[in-house]
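Enquirer: the following comprises the amino acid sequence and a computationally predicted model.
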Amino acid sequence: MVIDVKDLYEKVNELMGKDIILQGWIRNHRKQKEFGFIDFSDGTCFQHVQIVYDEKLNNFSDIQKIHVGSAIEVVGTVVESPKEGQAFEIQAKEVTLLGECPEDYPIQPKRHTREFLREVAYLRPRTNLFQAVFRVRSVAAYAIHKYFQDRGYIYFHAPLITASDCEGAGEMFHVTCMDLDNIPKKDGSVDYSKDMFMKPTSLTVSGQLEAETFALAYKKTYTFGPTFRAERSNTKVHANEFWMIEPEIAFCDLNQNMEIMEEMLKYVVSYVLEHCKDEMHFFDQFVEKGLLEKLTKLVNSKFTRVTHKEVIEILQKADVKWEFEPKQGEDIAKEHEKYITEYFDGPVFITDWPKDIKAFYMKQNPDGATVAAVDLEVPGAGEIMGGSQREEDYQKLVSRMDELDMDQSELDWYINLRKFGGCVHSGFGMGFERLLIYLTGVENIRDVIPYPRTPGNCDF
């Protein structure tokens, strides 16, 4: 019978001494004069299987010519392995070549740099590192859906093409069907009436505003999909296309919002630790020493809550020579985030941020200077989530948009939510790749996205 390697490991005791059929790829091939060893993987789990064959096979000489990377089918018997640390191996009765691979196959059994593997990104899932990374990506995505689905949230598919800039930063990719070599003009300006949507449109930077409409109908909703930022940033944590998780919850204030943020993060981390044991041990051993301890500590931590004002005071009193001096009313830097998580020895919610450095839709606090916003800082990664209570007061929202000189005509539908049965509501956003960097210890966002889109790079 054909069996997956994953099932083989789970049922090895009952399969011992029995014949099975495996289909997969050669990771390594060690050839001796009278026998050979094939390191075999089919991708269904992180573990490999050793295939042993000898000269008794009719096609022994042909098997010895099969190169690394080739697809094969093996008929063999599950037997105990004499090799220490290996419970079993497969004694081959038949080895059939299903798909050959040339000698110059790029993924040879040796250490490759991550930079090289990005150049052959279509092959890198065949390496141990990326087998682990992208399985964790899959399991973490499922855990996120499971967390929200089990708690009655509606999964909302936010539009990817939009006429509104949620963040107000203007770093958006424009969407057009116009001939860029012959753009239609009217009175010296672009004539958008000739374009597909008859108005300027862009790729979304966030599904939050649209998700709020569903939260005020279903009470609890979440998005989980791609978002886009047209910023020319070549850091390890920025990409032009990435995935965001954005829940929105009605009848939920900032404190309740933080409870959900904490519970969700702990749930996802715990789920990955439980369901990707082999991969997580691999990361702990070869990528980031102490990773398992870091993640286990997070799951067992009580997250501290402190205001932005208090954080700045702590930073200013610290006996540290800062590269960026902490100031009231201003954002904090990476060095500040690191210090604060070390100061409190665990994850920290920073709340009540200065109004002038946060988005227009955030709930204005009674002091008139801050908003009910929150960032979650975690040890070793800094900010991993950001959220806020949304402004439910119609007049305050309109006044804030006036202050920022925003065009309200494009967001009249969003403003009207405050008139048509509006209520206290909150939400947050988490970059999926930022979470994966934290989970795996793989520090570059280009290595946790299958095919990264960054400035100058849109291959595959």
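Expert: Yep, it's here.
Enquirer: doesn't residue 73 fall inside a strand?
Expert: Yes. Assessed by DSSP: H, G, I helix; E, B strand; the rest coil, residue 73 belongs to a strand.
Enquirer: and the residue nearest to it when sequence neighbours are not counted, how many neighbours?
Expert: Counting by CB to CB, 6 or more residues apart in numbering, residue 73 lies nearest to residue 96, which is 4.5 Å off, once chain neighbours are set aside. For every residue, glycine as well, the C-beta is placed using N, CA and C. The number of residues packed near residue 96 is 15, by other CB atoms under 10 Å.
Enquirer: with the one 3 residues further on instead?
Expert: Residue 99 sits with 9 neighbouring residues when counted by other CB under 10 Å.
Enquirer: pretty sure it contacts residue 71?
Expert: Yes. If you go by CB atoms under 8 Å, residue 99 and residue 71 touch, sitting 3.6 Å apart.
Enquirer: re earlier: next up, the contacts around the residue nearest to residue 73.
Expert: 72-74 (CB atoms under 8 Å, 6 or more residues apart in numbering).
Enquirer: swap the cut-off to 10 Å and go again
Expert: 21, 23, 59, 62-63, 66, 71-75 (CB atoms under 10 Å, 6 or more residues apart in numbering).
Enquirer: that's a strand at it, yeah?
Expert: Yes. The assignment for residue 96 is a strand, going by three-state DSSP.
Enquirer: could you find the closest non-adjacent residue to residue 51?
Expert: residue 38 is the one closest to residue 51 (CB to CB, 6+ apart), at 3.9 Å.
Enquirer: hmm, back to that, what is in contact with residue 99 and residue 71 at once?
Expert: residue 25.
Enquirer: picking that back up, can you tell me the SS state at the residue nearest to residue 51?
Expert: strand.
Enquirer: residue ranges with poor pLDDT in the protein?
Expert: 166-170 (pLDDT under 70).
Enquirer: give the buried residues for stretch 59-75.
Expert: 63, 66, 68-72, 74 (16 or more other CB atoms under 10 Å).
Enquirer: and the closest residue to residue 379 other than its chain neighbours, how many neighbours?
Expert: Spatial nearest neighbour of residue 379, chain neighbours left out: residue 341 (4.4 Å); criterion: CB to CB, 6+ apart. Look at residue 341: counted by other CB under 10 Å, it has 19 neighbours.
Enquirer: contacting residues around residue 341?
Expert: Contact analysis of residue 341 by CB under 10 Å, 6+ apart lists 304, 347-348, 377-382.
Enquirer: from residue 357, how far out is it?
Expert: 21 Å (CB to CB, to the nearest Å).
Enquirer: and if you look at residue 263?
Expert: 28 Å.
Enquirer: and residue 230, by the same measure?
Expert: For residue 230, the distance to residue 357 - CB to CB - is 21 Å.
Enquirer: what do you get for residue 252?
Expert: Plainly put, residue 252 is 23 Å away from residue 357 if you go by CB to CB.
Enquirer: so between the two, which is more surrounded?
Expert: The neighbour comparison of residue 252 against residue 357 (other CB under 10 Å) goes to residue 252, with 22 against 12.
Enquirer: quick check: the more buried one touching residue 220?
Expert: Yes. The criterion here is CB atoms under 10 Å, and residue 252 meets it with residue 220 at 8.5 Å.
Enquirer: quickly list what's touching both of the two.
Expert: Joint contacts of residue 252 and residue 220 (CB under 10 Å, 6+ apart) are residue 260.
Enquirer: follow-up on the earlier one: Serialize the buried residues of stretch 59-75 to JSON lines and add fields for distance to residue 414.
Expert: Converted to JSON lines, the buried residues of stretch 59-75 look like this (distance: CB to CB, whole Å):
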{"residue": "63", "distance to residue 414": "65"}
{"residue": "66", "distance to residue 414": "61"}
{"residue": "68", "distance to residue 414": "56"}
{"residue": "69", "distance to residue 414": "52"}
{"residue": "70", "distance to residue 414": "56"}
{"residue": "71", "distance to residue 414": "52"}
{"residue": "72", "distance to residue 414": "57"}
{"residue": "74", "distance to residue 414": "59"}
